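Peer 1: Please find the sequence and the predicted model below.
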Amino acid sequence: MFKALIGQSPNFEAMLRSAKMVAGTNVTVLITGETGTGKELLANALQNHSPLAKQPYITLNCAALPEALVESELFGHRKGSFTGAVANQTGRLLAADGGTLFMDEVDSLPLPVQAKLLRFLETGEIQPVGDTQPMHVNVRVIAATNTQLEDKISRGEFRKDLYYRLNVVPLKIPALRERKADIPVLLSHYMDYFAASHKLPASTLSKGALSRLLDYPWPGNVRELRNVCERLCILLAGRVIEESNLPHEIVNRTDAQKGNIRNGFALPEGGIDLEKLEVELIMQALDRTKGNRSRSARLLGISRDTLLYRMQKHGLR
């Protein structure tokens, strides 16, 4: 299954090496990465190479369930424990007993359920809703999230103690824009794969099209690249794919990026804090000119009066 995780970039290979080392254990793992990077694929690979490979493997998308049902889905419930509980229900943890539970988008768990999950991770005990006695289960947990849990902790939306309990072995999958050397390999793989799976003649990418695809930041990561390859293989079967054949969002985005770079600045994907940037540039200019405000203003391309106004605005002296 690790063969399905394609890439040769140093940061991606380092993550895979760590994954292969922990796969042979039953340790709790927290997989992080942006949407579309392949977190579920990595979780499946960990399961298939673990000592629990032949045991139950249960998945739970925490964000896909209504808040009122999350506890019941995870821990189970007894008949009559709440309105609509017409029969006993086995929770995912009990169903995974002896095996593995993969919890995707674990950051979506309500705080009361987080407390119960923490207790399970610490004691191995679960208590179905409406039951008076806890029971012991032996389950390995692999959790995944596409958010920064530290930010959620600071906002009081995620328990710090649960984070530390889940984060025994962290595996971060780098975004595709952070491993651009893998883009040609992935393109080649998926172009061949979809041509074969749809029984169509293979298409090839022109140098111009490949250059565009390398420049594109792939906000949807490998999932987006995979979808683009399938579309191109079907609509342009057996042809040489030129720049003009690429989806408009790719052409427009790369055109905009080139325009920004020609103007001397490329806006980072994550955006910037404009006020902090302005303060930093003013301070650098003043440092470079040893405090000479006229020369600093010339370096910044503004008048001395404008510089003085902006220094006053930011409380700079």
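Peer 2: Alright, I've got the coordinates. Being a predicted model, the structure only gives us computed values, none of them experimental.

Peer 1: which residue ranges form the helices in the stretch 1-150 of the chain?
Peer 2: 10-23, 39-48, 67-75, 92-95, 111-123, 149-154 (DSSP state H, counting those that start in this stretch).

Peer 1: The ones you listed: which one's closest to Glu105?
Peer 2: Of all these, helix 39-48 sits nearest to Glu105, with 9.3 Å by CB to CB. No exception for glycine: its C-beta is placed from N, CA and C like everyone else's.

Peer 1: for the stretch 101-250 of the chain, which spans come out with low pLDDT?
Peer 2: Low-confidence regions of the stretch 101-250 of the chain, defined by pLDDT under 70, are absent; no residue qualifies.

Peer 1: can you give me the strands for it?
Peer 2: In the stretch 101-250 of the chain, the strands defined using DSSP state E, counting those that start in this stretch lie at 125-126, 135-136, 140-145, 169-172, 204-205, 240-241.

Peer 1: re the thing from before, the helices of the stretch 1-150 of the chain: which one's closest to Arg140?
Peer 2: Proximity to Arg140, assessed across the helices of the stretch 1-150 of the chain by CB to CB, is greatest for helix 39-48 (8.5 Å).

Peer 1: quick one, that closest one and helix 10-23 angle?
Peer 2: 40 degrees (axes from the mean of the first three to the mean of the last three CA atoms, to 10 degrees).

Peer 1: Please indicate which of the strands of the stretch 101-250 of the chain has the most neighbours on average?
Peer 2: Each of the strands of the stretch 101-250 of the chain was scored by mean neighbour count; the highest is strand 140-145, a mean of 25, by mean count of other CB atoms under 10 Å.

Peer 1: any idea which residue sits dead centre in this structure?
Peer 2: A centroid search over the chain (CA atoms, centre = their mean) returns Glu34, at 1.7 Å, as the residue closest to the centre.

Peer 1: May I have stretch 70-78 as CSV, with CA atoms only?
Peer 2: C-alpha atoms of stretch 70-78 as CSV (Å, rounded to 0.1, in the frame of the first residue of the first chain):
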residue,chain,number,x,y,z
VAL,A,70,-21.2,11.6,17.3
GLU,A,71,-21.1,10.1,20.8
SER,A,72,-23.5,7.3,19.8
GLU,A,73,-21.6,6.5,16.6
LEU,A,74,-18.3,6.3,18.5
PHE,A,75,-19.3,4.6,21.7
GLY,A,76,-22.6,3.0,20.8
HIS,A,77,-25.9,3.2,22.7
ARG,A,78,-28.5,1.1,24.4
